[in-house]
Every structure is written in C-alpha cells, then in structure tokens.
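Visitor: attaching a predicted model along with its sequence, questions to come.
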Amino acid sequence: MFDVHVVPDKLKIDSRDPVFVDGPVWLTLGGRDFPVSGWTDAVLSVLGSMGAAVAGALNGDIHDFYFFEGSYFAKLLPLSDAPGTPRRVRVAAVDDGSAETVDDEALPEGEVLAETVVLLREVAERHRAAQELLRAWFEAHGEVELAAVLSRGYQYDALDPRFTH
C-alpha cells in the first residue's frame, strides 16, 4: 500500500517570490504514516522532489525525494523484474538524522521507519492525484499562478512504456 496525502484547506501561502506553500503532506507506506499523519512541510517542494524521483525511477535509477522540515526522505529503489512485467519499486521511508554512509542495498544508514514494494505506476498515480487535488484548490481560490507551478514538474503519462520492463 502506498498513498500521498495533502490537505488543501490547511495550506498557508507564505510567499510568492520565491513561491512557498506550507501545508500538510505525508505518505502512507504499508499502513504506516511517514513522517507522521498530518506532517506539515513545503508541500510544492515535496511534490516536486517526488515527481523528480518518479521520473528517475522510470529510467531504472535509484532516486530519493525529500521532506524539507526535518531529516526525512523516501527512497525509490527500482526492482529487477522479468521483461514485460510492470515495473515495481521498493519505497523506503528514512529518518537519516546525520547519516552520510550507505549500506550495500543503497539505503542510508539512518533508520528505515517504513517500507513497501509497489508498482511504480501506483506511486506515479498517487503523486498525480495529490497534484490534481492541489491544482483544483488553487484554481478554486484564484491562485492560478500556483496551479501553474504544479505543471512544471513531472506529469504522469499512463501510456509511458517505461512502467513496464
């Protein structure tokens, strides 16, 4: 199980130049909320970082995405599956504290707080759903320029053949 949570009605637009939107954003991995349920962070930055990680994982690369308030990040580790099968990723939620070393599975030496194995498509779809929820809220509240920010990053394409090995 993997999900991305945002709560548009609790967003706080702190600045527009540079753009900074603070609000609840967190993940659920295998039934555990990460960093915690209701975590508040730079929601556009978290989603932007996550989109970049999904794009990298589509190319078979290990990528991280970050929460910016604290020492938390998630690592997408593409798995080697049989040709023609849907691409899966191991998602590891990590509190790295000040760890700078990496173990033999490419996980930081920090504490892995939660992990799950899911289809990469599921991660991309949940990312898109969070973006769409925010975009709709921005547009409904006259924040057209903030809605445009969401379109600058990774955009899910259901027909992308890289979702299959």
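Guide: Perfect, I can see it now.

Visitor: in the longest helix along the chain, what counts as buried?
Guide: Ranked by residue count, the top helix of the chain under DSSP state H comes out as helix 120-140. Buried residues in helix 120-140, counted by 16 or more other CB atoms under 10 Å: 120-128, 130-131, 134-135, 137-138. Just so you know, the C-beta spots here come from the backbone N, C-alpha and C atoms, and that holds for glycine as well.

Visitor: likewise for stretch 1-18?
Guide: With burial defined by 16+ other CB under 10 Å, the residues of stretch 1-18 counted as buried are 2, 4-8, 11.

Visitor: can I get that stretch as CSV, trimmed to CA atoms?
Guide: Only the C-alpha atoms of stretch 1-18 are listed here, as CSV (Å, rounded to 0.1, in the frame of the first residue of the first chain):
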residue,chain,number,x,y,z
MET,A,1,0.0,0.0,0.0
PHE,A,2,1.2,3.5,-0.9
ASP,A,3,-0.5,6.8,-0.7
VAL,A,4,0.3,10.5,-0.8
HIS,A,5,-1.8,12.9,1.4
VAL,A,6,-2.3,16.6,1.1
VAL,A,7,-4.9,18.8,2.8
PRO,A,8,-5.6,21.8,0.6
ASP,A,9,-7.9,23.5,3.1
LYS,A,10,-5.0,23.8,5.5
LEU,A,11,-2.5,25.4,3.1
LYS,A,12,-0.6,28.5,4.0
ILE,A,13,0.8,30.6,1.2
ASP,A,14,3.8,32.2,2.8
SER,A,15,5.3,33.9,-0.2
ARG,A,16,5.1,34.1,-4.0
ASP,A,17,8.6,35.2,-4.9
PRO,A,18,10.0,32.7,-4.3
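
Visitor: where's L113, which helix or strand?
Guide: strand 111-119 (DSSP states H and E).
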